[in-house]
Structures are given as C-alpha cells and as structure tokens.
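[1] Have a look at this fold, sequence not included:
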C-alpha cells in the first residue's frame, strides 16, 4: 500500500505519515513484500531474516501490529494449515500477537464452504496451540460479511484464539444500512483482535437502506474523516469490549484512482492524525 507514497523505504513512509506501526503482508514463501526498501528484501523464513526485521523495526521506532495472509482454504487446505503454522512461529518470534486471515470461497456454496473452513481452522488452532498467536478473520467479500456465517464459524470452531479483523467499511460495502454497522460492531466486538479502518460516503438517501453488494464503492470510497462511518463511535464500542490493539488504516484510494504521491501521503497522514485523536479522547475519559 505504501509503495506509492513517494518514499524509498517503508520506515520513512511510516514516520512521515505519523504512523506507529504497520500490518505486514506475508507471502506463501514467508517474504514480506509490503516492507519495501531499496536494498533489503525482508523475510520471515529464517532466524537471521527475523532478526533483520526485528532490528530494523526497532531502529525505526515502529512495530508490526499484525501479519496479513491471503489464504485460499478452498483450493489448498493442507498447505494453508502448514503455512499458518509457519506464520504463527514467525509472529511469536517478532512479538506479533495477531494474524489476519482470509476465509473466502471461490466455488463452494456457503454451507459447504463453512464445513471446509471449520475443519481447516480447527486443525490450525490445534497445530498452533502451544504458540498462542491469535488468528483474525476479516469480514471480507460476499460470505464473511454475512453475520450469520461469522457467528456459525466462531461457534463451530470454538477457539478463543480465533477472532475478527473488523472492517466496518466492508460491512457497509456489503450493503448493510449505516445504523446496522454499529450494531454489528457491538455484536462482534468481543471477537475483535485487529481492525481495518477505511470509509465510504454514500448519498444520504442510500445510507439507511439495504444496498446491493459493492454499490458504487469505487465512486464513494473516501478518507476516514470524510466518510459516513463514525470511527469515534466504533472505537468506543471496541474499547468498552476490552479491545486494546491497533486501529489499522487500509486505504484503497490508489487502487481506484491515479493520485499523486503527495495526495496519498496527505490523505493517509490525515487519517492517522484523526485516529490518534480519537484514541486520545477515549483514553482521556
């Protein structure tokens, strides 16, 4: 995401925007492609690789708040179980407490996919029990934005280490009315281990109706401060439920438009400042 800010390395980009940490994408070969740098290729594959990441992160005054996996449970369940175990070990080494995972079908219907996902996740929880790292399913796409599917998944896996990467804007993208977003945030708050923060600004006439999935998202996505979602309210809901992890910005501005590096930096910097102020206000109460 931050490759397009005009900086040569991830650490300068984070400092420039005022961020204090980053969610790091981790690939199937355990490389960390999102931690871009002109001379270093970061990886979590070996002890020396992990030490390099730990040293550079510390020297930059930053932290890795979560690993981000792009899982394909439907296509390769056995590989996914092995990969999740490897990532859990890397997370433990770096002090990363949560791993964001994708639970998204490509062919199977919901009921059939639920059975497959439950079995795979049970095996992952069992295989990583001694490590203790938590896994957080993002509500993402047409299936895990369905509250009934999420409830069934958490209930049937039955692990306290399986939770949610809450993306309130994804619930909104799915078509849920605005007022229902806060109800969903409250309902799932006890399960939230990690967040993705972004927003959407829909016409007023469309906010409180059930819209088609993805309705005009490209046109209506916006910065957190300009959107319909009240992140002060969302953060308060999470804080009251005991959430103490990050507020992680996921900005898709550059994917749908062709902004300049300065535009991207300005937008993300503004969102960082807003979320910091929200956090400070909550902690001051």
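    Ah, there it is. As the structure is a computational prediction, the values presented were derived from the model and not from experiment.

[2] CA only for contacts and neighbour counts going forward, please
    OK.

[3] can you give me the strands in this structure?
    Taking DSSP state E as the test, the strands found in the chain are 22-25, 64-68, 98-101, 134-138, 162-167, 192-196, 199-200, 221-222.

[4] Same list (the ones you listed) but as TSV, adding distance to residue 250 and mean neighbour count.
    Listed next are the strands of the chain as TSV, based on distance: least, CA to CA, whole Å; neighbours: other CA atoms under 10 Å:
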stretch	distance to residue 250	mean neighbour count
strand 22-25	9	21
strand 64-68	12	23
strand 98-101	13	26
strand 134-138	12	26
strand 162-167	9	25
strand 192-196	6	24
strand 199-200	9	26
strand 221-222	11	21
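
[5] Now render those as a markdown table, adding mean pLDDT.
    Formatted as a markdown table, the strands of the chain follow (pLDDT from 0 to 100):
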| stretch | mean pLDDT |
| --- | --- |
| strand 22-25 | 97 |
| strand 64-68 | 97 |
| strand 98-101 | 98 |
| strand 134-138 | 98 |
| strand 162-167 | 98 |
| strand 192-196 | 98 |
| strand 199-200 | 98 |
| strand 221-222 | 96 |
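
[6] for these, which one sits closest to residue 119?
    Each of these was scored for nearness to residue 119 using CA to CA, and the closest is strand 162-167 (13.1 Å).

[7] neighbouring contacts of the closest one?
    100, 125, 134-140, 154, 185, 188, 191-198 (CA atoms under 8 Å, 6 or more residues apart in numbering).

[8] same check, this time on stretch 243-251
    Counting by CA under 8 Å, 6+ apart, 1, 22-23, 65, 189-190, 192-198, 223, 268, 271-272, 275 sit against stretch 243-251.

[9] where does the stretch 1-150 of the chain dip in pLDDT?
    Residues of the stretch 1-150 of the chain meeting the criterion pLDDT under 70: 1-6.

[10] any chance you could map the helices in it?
    10-17, 47-59, 77-94, 110-127, 147-157 (DSSP state H, counting those that start in this stretch).

[11] Likewise for the stretch 151-285 of the chain?
    With DSSP H, counting those that start in this stretch as the criterion, the stretch 151-285 of the chain has helices spanning 168-174, 178-188, 217-220, 231-240, 253-256, 261-284.

[12] Just give me the neighbour total for the closest residue in space to residue 145 that isn't next to it in sequence.
    On the basis of CA to CA, 6 or more residues apart in numbering, the spatially nearest residue to residue 145 that is not a chain neighbour turns out to be residue 139, at 4.8 Å. Using other CA atoms under 10 Å, residue 139 is surrounded by 26 other residues.

[13] now residue 139: how far from residue 257?
    Distance, residue 139 to residue 257, using CA to CA, to the nearest Å: 24 Å.

[14] pLDDT value on residue 250, please?
    Per-residue confidence (pLDDT) for residue 250: 95.

[15] Kindly report the same for the one 10 residues further on.
    Residue 260 carries a pLDDT score of 87 in this model.

[16] Over to it: give its phi and psi.
    phi -80, psi 170 (degrees, to the nearest 10).

[17] Spit out the contact partners of it.
    So residue 260 contacts nothing (CA under 8 Å, 6+ apart).

[18] Run a quick neighbour tally on residue 244.
    A total of 12 residues lie near residue 244 under the criterion other CA under 10 Å.

[19] hmm, back to that, got the helices of the stretch 1-150 of the chain as a markdown table, with distance to residue 214 columns?
    Shown next, in a markdown table, are those (distance: least, CA to CA, whole Å):
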| stretch | distance to residue 214 |
| --- | --- |
| helix 10-17 | 29 |
| helix 47-59 | 36 |
| helix 77-94 | 28 |
| helix 110-127 | 19 |
| helix 147-157 | 17 |
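
[20] Columns mean neighbour count and distance to residue 232 on top of those, output as JSON lines?
    Output for the helices of the stretch 1-150 of the chain, formatted as JSON lines (neighbours: other CA atoms under 10 Å; distance: least, CA to CA, whole Å):
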{"stretch": "helix 10-17", "mean neighbour count": "18", "distance to residue 232": "20"}
{"stretch": "helix 47-59", "mean neighbour count": "15", "distance to residue 232": "29"}
{"stretch": "helix 77-94", "mean neighbour count": "19", "distance to residue 232": "29"}
{"stretch": "helix 110-127", "mean neighbour count": "17", "distance to residue 232": "32"}
{"stretch": "helix 147-157", "mean neighbour count": "15", "distance to residue 232": "22"}
